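>>> Just a sequence and a predicted model for now, questions to come.
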Amino acid sequence: MKLDQPLKIFPTAMHPCSYIPGLIARNAVVDPAYEMNPEIYDYLIQNGFRRSGEQVYRPYCHTCEKCVTTRIPVIDFKRSRSQKRIWKLNQDLIVKLNTGGFREEYLPIYQCYLESRHDSMDYQGVETFLMAEWCNINFYEFYQIDEDQQERLIGVAVTDLVTSGLSAVYTFFDPELGSKRSLGVFAVLWQIEEAIKQKLDYVYPGFWIKNCRKMNYKSNYQPIEGLIKGKWVAIEKAAS
């Protein structure tokens, strides 16, 4: 792809690594003034970038290359035994698509999720974190049917639609119900199936870090590829 305008990328300040204790990290950030659109973002995703809100970035650590951008070739994907079990367990859920942005109904679930998973109560700026005006963003809503036959929202998978696939931005869910259902895993499996339906090539699940427990799970989705030294290569499943 040939860009219509020069792409300026700036390094951020050094900061403690969020994933590996004792390491110092920084990112390379696309100029915020750049006129981003879904096609350009797709090109950048294929070259290792992700977004957080409007900011498009990739790790830029001189002494470390442990953060690896990943993609799942959906047509080749095969569910593992446990993934088959999780897929079957969640077939009673109803999935709805919301393209209208972050809804107030999401906030209590998001708050509970942060408190349970990240020991955080920083709910401010959630829309800034998830939204980008130039991006095609899908909010996939997962509903459980309660005993009174009412639909109950239990989780949301925030997903960018790009030319080559679906990019998983963030998934949050009711901590109790979501954990029982392994809803985080199911959300990825559902995104893979949705990409196949839309005749897309990939699901981009984010960064994989081999030596970080909360980031190495992505290798459970096989086959999966990582962008290493400018080339997409197969990543083997982590030893259990």
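Perfect, I can see it now. Residues are numbered from 1 along each chain as shown.
>>> Might you report the residue contacts of residue 74?
Residue 74 sits next to 165, 192, 195-196, 200-203 when contact means Cβ atoms under 8 Å, 6 or more residues apart in numbering. Just so you know, the C-beta spots here come from the backbone N, C-alpha and C atoms, and that holds for glycine as well.
>>> distance of the nearest residue to residue 31 once chain neighbours are set aside from residue 153?
Leaving out its chain neighbours, the residue that sits closest to residue 31 by Cβ to Cβ, 6 or more residues apart in numbering is residue 8, at 4.0 Å. According to Cβ to Cβ, to the nearest Å, residue 8 and residue 153 sit 41 Å apart.
>>> who has more neighbours, those two?
Between residue 8 and residue 153, residue 153 has the larger neighbour count (other Cβ atoms under 10 Å), namely 18 against 11.
>>> Okay, and the more buried one sits in which element?
Assigned by DSSP states H and E, residue 153 belongs to strand 151-162.
>>> buried residues in that strand?
153-162 (16 or more other Cβ atoms under 10 Å).
>>> Save those as JSON lines, and put in pLDDT and distance to residue 103 too.
Below are the buried residues of strand 151-162 laid out as JSON lines (pLDDT from 0 to 100; distance: Cβ to Cβ, whole Å):
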{"residue": "153", "pLDDT": "98", "distance to residue 103": "9"}
{"residue": "154", "pLDDT": "98", "distance to residue 103": "14"}
{"residue": "155", "pLDDT": "98", "distance to residue 103": "13"}
{"residue": "156", "pLDDT": "98", "distance to residue 103": "9"}
{"residue": "157", "pLDDT": "98", "distance to residue 103": "14"}
{"residue": "158", "pLDDT": "98", "distance to residue 103": "12"}
{"residue": "159", "pLDDT": "98", "distance to residue 103": "15"}
{"residue": "160", "pLDDT": "98", "distance to residue 103": "17"}
{"residue": "161", "pLDDT": "97", "distance to residue 103": "18"}
{"residue": "162", "pLDDT": "96", "distance to residue 103": "23"}
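>>> For these, name the two members farthest from one another.
With distances taken as Cβ to Cβ, the most widely separated pair in the buried residues of strand 151-162 is 154 and 162, at 26.7 Å.
>>> got the contact list for the residue nearest to residue 31?
30-31, 34.
>>> quick one on the thing from earlier: so which of the contacts of residue 74 wins on neighbours?
Result: residue 203 is most packed of the contacts of residue 74 (other Cβ under 10 Å), 27 neighbours.
>>> wait, doesn't that one sit right on residue 190?
No. Between residue 203 and residue 190 there is no contact under Cβ atoms under 8 Å: 9.9 Å.
>>> And residue 58, how far from residue 28?
Applying Cβ to Cβ, the value for residue 58 to residue 28 is 5 Å.
>>> Could you do residue 160 as well?
Taking Cβ to Cβ, one finds residue 160 at 19 Å from residue 28.
>>> can you give me the helices for the protein?
For the chain, helices defined by DSSP state H occupy the ranges 38-45, 81-89, 107-117, 126-130, 175-181, 183-197.
>>> what's the closest of these to residue 213?
Nearest of those to residue 213, taken as Cβ to Cβ: helix 107-117 at 13.0 Å.
>>> What residues of that closest one count as buried?
Buried-residue list, helix 107-117, by 16+ other Cβ under 10 Å: 109-114.
>>> ditto for stretch 22-41
Result for stretch 22-41 [16+ other Cβ under 10 Å]: buried residues 25-30, 34, 36, 38, 40-41.
>>> Quickly check the residues you listed for the two that are furthest apart.
25 and 38, at 27.7 Å, using Cβ to Cβ across those.
>>> I'd assumed residue 173 was in contact with residue 110.
No. With contacts counted by Cβ under 8 Å, residue 110 stays clear of residue 173, the gap being 9.4 Å.
>>> Much appreciated, bye for now.
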